[in-house]
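Asker: please find the sequence and the predicted model below.
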Amino acid sequence: MFLALRNKLAIFDNYINPFNRRGALRLSRYHPNAYLLLTLLAASGGYAFLLLFPTLLVSMPVALYFSLPAAVTPLQWFAIVNELLLTLLGAAGTVTIATMRFPAPSGLELDQRGFPRLFELLKELGELYGNPRIDRVILRDRFDVRIVKTPRSGFSFTTTHTLVIGLPLLLTLSPIDVHALVARRVGQLAGRNSRINSWLYYLRDLWVQYLSHFEKCHSWLARPLWSFYRWYVPRYRSLALGAARRSELRADLYAMQAINDRDAVRAIGGQAMIDDYLTRVFWPDVVAAASSSMKPEKMPHARMAELFQGGLPAEEITVLLKRVAGRRSNPHSTMPSLSERLDNMGHRKALPLKPMPVSAAQFYLGKACEQYIQLMDKRSCEKIRAKVIKQANQKRR
């Protein structure tokens, strides 16, 4: 009986607890104003904790100034000692936070001189969305396009904005598809008509950077900071999931501003389809081949470019469309389901990808395309080799 009651309470907690993903999503859907207020309060908590230390550093000396002349009793002297300790704590915490430095996302740096078409696209989108600042553009080996905000100091009053573009995305989609997907992120960064949701969206990753930084610090000053963010970050990320999904839905509408709605729908559906294919078919085949031959130097990205040259067969695209169209949203992901996204854009079903005469990689990277494929393949082969060795060791155990 006790176990049954506990299970019922656990299920009930999942539905109403706003710091649980399901509870947060239900609250954001049925009580949006209360949800937004709660999420804003939770978001400000991270900043309030950071500002606690400079507040102590400023306020405690003032308290000491007024307390010292009147100190007579042991209790008053005890209060003065506490104020002095809090001053030292404020000073130590302020110095620790002010001297924090966060690593920017790593990858192959792209510049305007070498990749004029890509930067012309960014200039065009910047003019459309109000010129949000993008400081760096890098190429990585993931099927993704996103913007990462990196704090320039521990107080995060200013951030560096890095546009991260995945080479697999460029190899498997057309230039117009990538145009739409980059437009999503630039519009989301600008946050027109949705600045609050955009801010809450980026805070989910920003607080993770704090947690990661403090986990690597071994000084005693960093321990209380790490303890707070270890408790705070997972709760904020769960609570802000609803705001993050609203931001993603708004980003889809930004893509429709950059190009026509059919091409935007085609690009968003295409991203979901190709991501499913690479995750479910392509990369498992690459790892399996490496496990059997121990030769991951077969160059996966070169194979990917060859496989997607001209686009996937129509039969394969039809199968992929059916798979992703009926899939529910992942409760751990900020991305809503494809059906929700299409409905938000005023469409009932995804559109099949068009034949691809030239890939986005060839169009935006130009002559450097083959060079970057080779560089990325070297990194991928190292990762695949490490994964195969790890799997082999696990089987031996």
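Answerer: All right, it came through fine.
Asker: all strands of the protein, in order?
Answerer: Using DSSP state E, the strands of the chain run over 108-109, 136-140, 145-151, 159-166.
Asker: between these, which one is closest to residue 66.
Answerer: Set against residue 66 and scored by CB to CB, the strands of the chain come closest in strand 145-151, at 35.7 Å. (Each C-beta comes from the backbone N, C-alpha and C, glycine too.)
Asker: just the angle between the closest one and strand 159-166, please?
Answerer: Interaxial angle of strand 145-151 relative to strand 159-166 (axes from the mean of the first three to the mean of the last three CA atoms, to 10 degrees): 150 degrees.
Asker: returning to that earlier point: got the strands of the chain as a markdown table, with distance to residue 91 and mean neighbour count columns?
Answerer: Below are the strands of the chain laid out as a markdown table (distance: least, CB to CB, whole Å; neighbours: other CB atoms under 10 Å):
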| stretch | distance to residue 91 | mean neighbour count |
| --- | --- | --- |
| strand 108-109 | 38 | 14 |
| strand 136-140 | 34 | 20 |
| strand 145-151 | 21 | 19 |
| strand 159-166 | 26 | 20 |
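Asker: figure out which of those is closest to residue 102.
Answerer: Of all the strands of the chain, strand 145-151 comes closest under CB to CB, at 5.1 Å.
Asker: what packs against the closest one?
Answerer: Here strand 145-151 touches strand 159-166, helix 175-190, helix 195-216, going by 3 or more CB pairs under 8 Å, 6 or more residues apart in numbering; DSSP states H and E.
Asker: would you mind listing the outside residues contacting that strand?
Answerer: 100, 102-105, 134, 158-166, 169, 178, 181-182, 184-186, 188-189, 202, 205-206, 209-210 (CB atoms under 8 Å, 6 or more residues apart in numbering).
Asker: for PyMOL, write the selection for the buried entries among these.
Answerer: Burial among those is assessed by 16 or more other CB atoms under 10 Å; the matching PyMOL selection reads:
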select buried, resi 100+102+134+159+160+161+162+163+164+165+166+169+178+181+182+184+185+186+188+189+202+205+206+209+210
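Asker: need the contact list for residue 277.
Answerer: By CB under 8 Å, 6+ apart, the residues touching residue 277 are 312, 316, 320.
Asker: change it to 10 Å
Answerer: Neighbouring residues of residue 277 by CB atoms under 10 Å, 6 or more residues apart in numbering: 143, 172, 283, 307-308, 312, 316-317, 319-320, 323-324.
Asker: so which of those wins on neighbours?
Answerer: residue 172 (30 neighbours; other CB atoms under 10 Å).
Asker: wait, isn't it in contact with residue 271?
Answerer: Yes - contact criterion CB atoms under 10 Å: residue 172 and residue 271 qualify, at 9.1 Å.
Asker: between these two, what contacts are shared?
Answerer: Common contacts of residue 172 and residue 271 (CB under 10 Å, 6+ apart): 143, 178, 353.
Asker: among those, which one lies nearest to residue 329?
Answerer: The nearest member of these to residue 329, counting by CB to CB, is residue 143 at 18.1 Å.
Asker: which residues touch the closest one?
Answerer: 166-173, 271, 274-275, 277-279, 282-283, 304.
Asker: phi first, then psi, for it.
Answerer: When read as degrees, to the nearest 10, the backbone of residue 143 gives phi -80, psi 80.
Asker: returning to what we had before: need the helices and strands packed on strand 145-151 in a markdown table with mean pLDDT, can you?
Answerer: Output for those, formatted as a markdown table (pLDDT from 0 to 100):
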| stretch | mean pLDDT |
| --- | --- |
| strand 159-166 | 96 |
| helix 175-190 | 96 |
| helix 195-216 | 94 |
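Asker: with distance to residue 396 added, can I get those in TSV?
Answerer: Shown next, in TSV, are those (distance: least, CB to CB, whole Å):
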stretch	distance to residue 396
strand 159-166	34
helix 175-190	42
helix 195-216	30
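Asker: hmm, residue 300 and residue 381 touching each other?
Answerer: Yes - Residue 381 is within contact range of residue 300, at 7.7 Å (criterion: CB under 10 Å).
Asker: which of the two has more residues huddled nearby?
Answerer: Set side by side, residue 381 and residue 300 show more neighbours around residue 300, with 27 against 19, by other CB under 10 Å.
Asker: let me see the contact set for that one.
Answerer: Neighbouring residues of residue 300 by CB under 10 Å, 6+ apart: 141, 168, 278, 282-283, 285-287, 289-290, 307, 373, 376-377, 380-381, 383-384.
Asker: residue 118 is in contact with residue 134, correct?
Answerer: No - between residue 134 and residue 118 there is no contact under CB under 10 Å: 11.0 Å.
Asker: intersection of neighbour lists for the two?
Answerer: In contact with both residue 134 and residue 118: residue 163, using CB under 10 Å, 6+ apart.
Asker: the stretch 251-397 of the chain: helices as residue ranges?
Answerer: 261-277, 283-293, 300-307, 314-325, 338-344, 360-365, 369-396 (DSSP state H, counting those that start in this stretch).
Asker: what's the pLDDT at residue 149?
Answerer: Listed pLDDT for residue 149 reads 96.
Asker: and the gap between it and residue 356?
Answerer: Note on residue 149: its distance to residue 356, by CB to CB, to the nearest Å, is 32 Å.
Asker: again with residue 188
Answerer: Separation of residue 188 from residue 356 (CB to CB): 26 Å.
Asker: kindly report the same for residue 61.
Answerer: From residue 61 to residue 356 the distance is 66 Å (CB to CB).
Asker: which one of the two has more residues nearby?
Answerer: More crowded of residue 61 and residue 356, by other CB under 10 Å: residue 356, with 20 against 15.
Asker: so the more buried one is in contact with residue 177, correct?
Answerer: Yes - Residue 356 lies in contact with residue 177 (CB under 10 Å); the separation is 8.6 Å.
Asker: overlap in contacts of those two?
Answerer: Counting by CB under 10 Å, 6+ apart, the common neighbours of residue 356 and residue 177 are residue 270.
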